[in-house]
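K.L.:
Whatever this is, show me its structure:
(2 chains)
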Amino acid sequence: MPIKDEDLNIMFRKMLTIRRFEERAIQEYQNGNLYGFIHSYIGQEAIAVGVCSHLRIDDRIVSNHRGHGHCIAKGADMKRMMAEIFGKKTGYCKGKGGSMHIADFKIGMLGANGIVGAGLPIATGSALAAQLEGGDRISVVFFGDGACGEGTFHESLNIASIWKLPIVFVCENNMYGVNTPTSYSMAAENVADRAAAYSMPGVFADGNNLVTVYETTEKAVNRARTGEGPSLIEFQTYRWRAHFEGDGMPDLRPEDELEEWKKKCPVASMERQLLETGLMDTDELKALDAEIIAQVQEAVEFAKQSPDPDPEDALEDIFSKQGVN
Amino acid sequence: MRKIAYEEAAMEALQEEFRRDDKTVHLATDMNEPLFEEFGGERVRSTPISESAFVGAAIGLAGSGFRPIVDIRMATFGFVAMDQLMNQAAKITYMFGGQAEFPILYRMTVGTGMSMAAQHSINPYPMYMNIPGLKIILPSTPYDVKGLLKTAIRDNNPVISFEHMGLGEFVGEVPEDEYTLPLGQASLKKEGSDITIVALAKMMHLSLEVAEEMEREGISVEIIDPRTLMPLDRESIKASVMKTGRLVVVDEACRTCGTAGEIISSVVEDIKVFKNLKASPKRVAGLDVPVPFSIPMEKYVVPDKVKIASAIRVVMADNF
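P.N.:
Numbers count the residues shown, from 1 in each chain, chains lettered A, B, ... in the order given. Here you go, the predicted structure:
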C-alpha cells in the first residue's frame, strides 16, 4: 500500500525527533552533564521509524545498545528517556538502567540491551507469547550486523522458523562492529542471505530511505501478522558517530566514508522529498524543527530538574514486589 | 502418608500448576511426556538444542504475561546459556526499574556420584548465588521438591531449581492434599542439642545417616537443610548454632567461594552467635578440582559419611 501523505509527515517528524534528541544527548555528554555510555543512533533513523510505523502499541519490540531511536519510534516519552539517561529517579528505570537499558513495557518496548545479540531470544519468546495469545500481535527485534556473529542470532531464527512465530528480525547493518568491518567478520556477503538457512524470506534493502524501509517492512509485518512466520530484513546503513560518545574508543573508520554516507542522510533526503512533493514548505519544516527542538529542550529540563535517586534506592527492584502469584 | 519418588513429586508440582494457571508454558530439549499428554504441544514444547535461545525466550515469554518453566536438564548445559541467565534473567527486573515481572522457573540437575566426569558432575549454585536477581531452591526430599517447585512457579521472579540427580528415585512422604512451601525457610530435618549440621541436597541424607551413628556415640546432632539458597534462611541457622554452639556445613559443591563458606560467614559475623561458639566451625565440601570419572577418584573429591563423621568429631573435640 502506498504511504499516505499524513503518515509521511508523522514519520518525518519522528525521524527528526530522533535526530534532535540524539544531537542533544551528545551535546549534554560533551558538556559533561552525562556519564556512562551513549551509543548514538544518528544516521540510522529511517530504520526505527520505517519499521515501527507498522506496529501497534500492543506489538512488542526488543532493542539493542543503540536503542534511543527504537524507543522514540515505538512511542516512548522523551522526558522519561532523558531522565533515565541523566540517571534520575523519574527515568524509565528510576536511574537503574541508563542509556543502554531503556524499556517501556506499557508501549511494548521490552528493553534495550547491552549484550550484542542478547535481544533476539527475548524477542523470540515474546513472539511465542503472541502466538500463544492467539491474536495478531507481532514482535520485532532490532540488532546490528555484529549480532549476526552471535549464536543467539542463529538459534533464534531457527526456533522462530520451526514454530512459525510472528516476528520480524531487523538487522541494521551499519558495516562495522565498533571498528571491525563486517566484510571482514562475516563469511556471507549479506546478512539477508542467511535467511535461506532458516527457511524464511531474507531481504536486503536501503536503510537510509524511509519509504524503502517502510515498504520493505510491510511485507514482513503482514507475513508475521497473518501467521505465516518470521522474516529477516537487512537494512544497509551507517552510523555517523563513533561506536559510543567519549574518548574511550577512537573511530578508526575511513573519514571519506562518513562524508559519502552523510550525503545519504535519511533525514535530509526525506526533507528534500517532502519539499519536492509539496507536502511541506520551508516554513513548515522550520516550524516543525523548532517545535521538536523545544520538546527535546523540555525533556532535558525535566531531566535536569528531576531528583537523583536516593542511594538506598539501589537496594530496591532486585525482585518484583508482586511476590508470589 | 503415601510415599512417592522425588522426581514423581516434582512432576506432580508441574502438573498441578499447569492445571492451576493456563499461562504456564514448558520448554525443554526433550518433550515432557506427561505434561504434553495432558496439556498439548502449544504449551508444552520441545526445543532445538539451543540453550541460549530457549533460556532467553523464557524471558520474553515472562515479560509478555506468561509463566514459563524451562527444563535445562543438567546444570552443565546452563553454562551454554550463561548470558541469558546471568545477564538477562537475573538483571532484567532491576535494570528496568521493576516495571515488569519475569516469572520464570529454570530447572537444572546437579550433583556427582554418577560417573559422568567433570562436565556433567557439577554443583554450580554458589556461582548463581553471587549474581543478585535470581531466587534459588535446592530441595532434598520429595516433600520439599513438590512444595518448593509449586511456589517457585507461582513466584513472579526468575527462580532456579537445582535438583540433585542422585535424589530422583529417593522415596519419601508426600501428602495427597495440595500444599506449598515458602522460599527462604530452612527445614529442621532432625532435632539435636550438641552440634548443628547444615547440609545441602544429597548431603542432608548422608548427614542424617551419620547423625544416627553419632547418637550411638552420645552426640546429639541437629540437622538443618536450608532448602532455598536465595533467599537464605540465615536466622534459622543462627538460632540453631546459638543453641548448640557448634557448626559443621556439608555441601557437595566446591569449597572455594562456596555456599558452605557463605553460611559460616553469616554465622560468625553475628557477634552474639560468635561469642556463643564452643568450637571453630568447619565445612565439609567438594575439593577444588573438576570431578574425575574413575570411581575411586570421584569418591575421593566429594564429601561422604566418613568425612562428615570425622568433621563432627573434630568440632566436638574442640573447645575454645
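
K.L.:
mind listing what the closest residue in space to A:Asp136 that isn't next to it in sequence touches?
P.N.:
Setting aside the residues directly before and after it, A:Asp136 is nearest to A:Arg225 in space (CB to CB, 6 or more residues apart in numbering or on different chains), at 4.8 Å. (Each C-beta comes from the backbone N, C-alpha and C, glycine too.) Applying CB atoms under 8 Å, 6 or more residues apart in numbering or on different chains, we find A:Arg225 in contact with A:Asp136, A:Ile138, A:Pro166.

K.L.:
Now A:Arg225: phi and psi?
P.N.:
Here the main-chain torsion angles of A:Arg225 (degrees, to the nearest 10) amount to phi -70, psi -30.

K.L.:
how close does it get to B:Arg19?
P.N.:
A:Arg225 sits at a distance of 32 Å from B:Arg19 (criterion: CB to CB, to the nearest Å).

K.L.:
Ok, B:Pro103 next?
P.N.:
As defined by CB to CB, B:Pro103 lies at a distance of 17 Å from B:Arg19.

K.L.:
Those two - which one has more neighbours?
P.N.:
Just comparing B:Pro103 and B:Arg19: by other CB atoms under 10 Å in any protein chain shown the higher neighbour count belongs to B:Pro103, 28 against 11.

K.L.:
Would you map the strands across chain B?
P.N.:
In chain B, the segments counted as strands under DSSP state E are B:3-5, B:24-28, B:44-46, B:67-74, B:104-110, B:135-137, B:158-164, B:171-173, B:187-190, B:195-199, B:221-225, B:228-230, B:247-254, B:282-286.

K.L.:
wait, chain A
P.N.:
A:60-62, A:139-144, A:167-173, A:176-177, A:180-181, A:202-206, A:231-236.

K.L.:
And for B:Arg246, nearest residue in space, chain neighbours not counted?
P.N.:
Nearest residue to B:Arg246, sequence neighbours excluded (CB to CB, 6+ apart): B:Ile195, at 4.1 Å.

K.L.:
Looking at strand pairing, list the partners for the one you found.
P.N.:
Using DSSP bridges, the beta-bridge partners of B:Ile195 come out as B:Val221.

K.L.:
which residues touch it?
P.N.:
With contacts taken as CB under 8 Å, 6+ apart, B:Ile195 has the following neighbours: B:Ile219, B:Ser220, B:Val221, B:Glu222, B:Thr244, B:Arg246, B:Leu247, B:Val248, B:Ile312, B:Val315, B:Met316.

K.L.:
any idea how far B:Ser240 is from the last one?
P.N.:
Same thing as B:Met316. 16 Å.

K.L.:
Mind pulling up the pLDDT for whichever residue of the stretch 151-300 of chain A sits closest to chain B?
P.N.:
When scored by CB to the nearest CB, the stretch 151-300 of chain A has A:Glu155 as its residue closest to chain B, at 3.5 Å. According to the model's per-residue confidence, A:Glu155 sits at a pLDDT of 98.

K.L.:
tell me the centre residue of chain A?
P.N.:
By CA atoms, centre = their mean, chain A has its centre lying nearest to A:His70, at 2.9 Å.

K.L.:
give me every residue that touches residue 303.
P.N.:
Unless you meant another one, I'm taking chain A. Contact analysis of A:Ala303 by CB under 8 Å, 6+ apart lists A:Lys79, A:Met82, A:Ala83, A:Ile85, A:Phe86, A:Lys88, A:Thr90, A:Gly91.

K.L.:
I was after chain B.
P.N.:
Contacts here follow CB under 8 Å, 6+ apart; on that basis B:Pro303 touches B:Met203, B:Leu206, B:Val250, B:Asp251, B:Glu252, B:Val284, B:Ala285, B:Gly286.

K.L.:
What of B:Leu206?
P.N.:
For B:Leu206, counting by CB under 8 Å, 6+ apart, the contacting residues are B:Ala199, B:Val250, B:Pro303, B:Asp304, B:Lys305, B:Ile308.

K.L.:
Out of these, which end up buried?
P.N.:
Among these, the ones that count as buried by 16 or more other CB atoms under 10 Å in any protein chain shown are B:Ala199, B:Val250, B:Pro303, B:Asp304, B:Ile308.

K.L.:
Closest one to chain A out of the residues you listed, please.
P.N.:
When the buried ones among the contacts of B:Leu206 are compared for distance to chain A, the smallest value, 26.6 Å, is given by B:Ala199; criterion: CB to the nearest CB.

K.L.:
Bridged to the closest one, which residues?
P.N.:
When bridges are assigned using DSSP bridges, the partners listed for B:Ala199 are B:Val250.

K.L.:
Looks like it contacts B:Thr259 (just checking).
P.N.:
No: using CB atoms under 8 Å, B:Ala199 makes no contact with B:Thr259, being 10.9 Å away.

K.L.:
ok so, going back, is it possible to mark the buried ones in the contacts of B:Pro303?
P.N.:
For the contacts of B:Pro303, a burial check counting by 16+ other CB under 10 Å picks out B:Met203, B:Leu206, B:Val250, B:Asp251, B:Glu252, B:Val284, B:Ala285, B:Gly286.

K.L.:
Let me know the closest of these to B:Ile49.
P.N.:
Distance from B:Ile49 was checked for each of the buried ones among the contacts of B:Pro303 by CB to CB. The minimum falls on B:Glu252, at 27.0 Å.

K.L.:
Next to chain A, which bits of the stretch 101-250 of chain B? Give me the list.
P.N.:
Applying the criterion CB under 8 Å from any CB of the partner chain, the portion of the stretch 101-250 of chain B that neighbours chain A consists of B:Glu101, B:Phe102, B:Pro103, B:Pro132, B:Gly133, B:Lys135, B:Thr151, B:Arg154, B:Asp155, B:Asn156, B:Asn157.

K.L.:
need those residues in TSV with distance to A:Lys286 and pLDDT, can you?
P.N.:
Supplementary listing: those in TSV, determined by distance: CB to CB, whole Å; pLDDT from 0 to 100:
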residue	distance to A:Lys286	pLDDT
B:Glu101	46	96
B:Phe102	46	98
B:Pro103	50	98
B:Pro132	50	97
B:Gly133	48	97
B:Lys135	55	98
B:Thr151	61	98
B:Arg154	57	98
B:Asp155	55	98
B:Asn156	50	97
B:Asn157	51	98
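
K.L.:
Most neighbours among the residues you listed, which one?
P.N.:
Using other CB under 10 Å as the neighbour definition, those reach their maximum at B:Pro103, which records 28 neighbours.

K.L.:
Pretty sure that residue sits against B:Thr151.
P.N.:
No: proximity of B:Pro103 to B:Thr151 does not meet the contact threshold set by CB under 8 Å, at 11.4 Å.

K.L.:
one step back: using TSV, lay out the strands of chain A together with mean neighbour count, distance to chain B and mean pLDDT.
P.N.:
Listed next are those as TSV, based on neighbours: other CB atoms under 10 Å in any protein chain shown; distance: least, CB to the nearest CB, whole Å; pLDDT from 0 to 100:
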stretch	mean neighbour count	distance to chain B	mean pLDDT
strand A:60-62	31	7	98
strand A:139-144	30	8	98
strand A:167-173	29	10	98
strand A:176-177	20	17	96
strand A:180-181	14	20	94
strand A:202-206	18	19	98
strand A:231-236	26	15	98
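
K.L.:
Turn those into a markdown table, including distance to A:Gln295.
P.N.:
Written out in a markdown table, the entries for the strands of chain A read as follows (distance: least, CB to CB, whole Å):
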| stretch | distance to A:Gln295 |
| --- | --- |
| strand A:60-62 | 22 |
| strand A:139-144 | 23 |
| strand A:167-173 | 25 |
| strand A:176-177 | 31 |
| strand A:180-181 | 36 |
| strand A:202-206 | 29 |
| strand A:231-236 | 27 |
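
K.L.:
between the ones you listed, which one is nearest to B:Lys91?
P.N.:
strand A:60-62 (14.9 Å).
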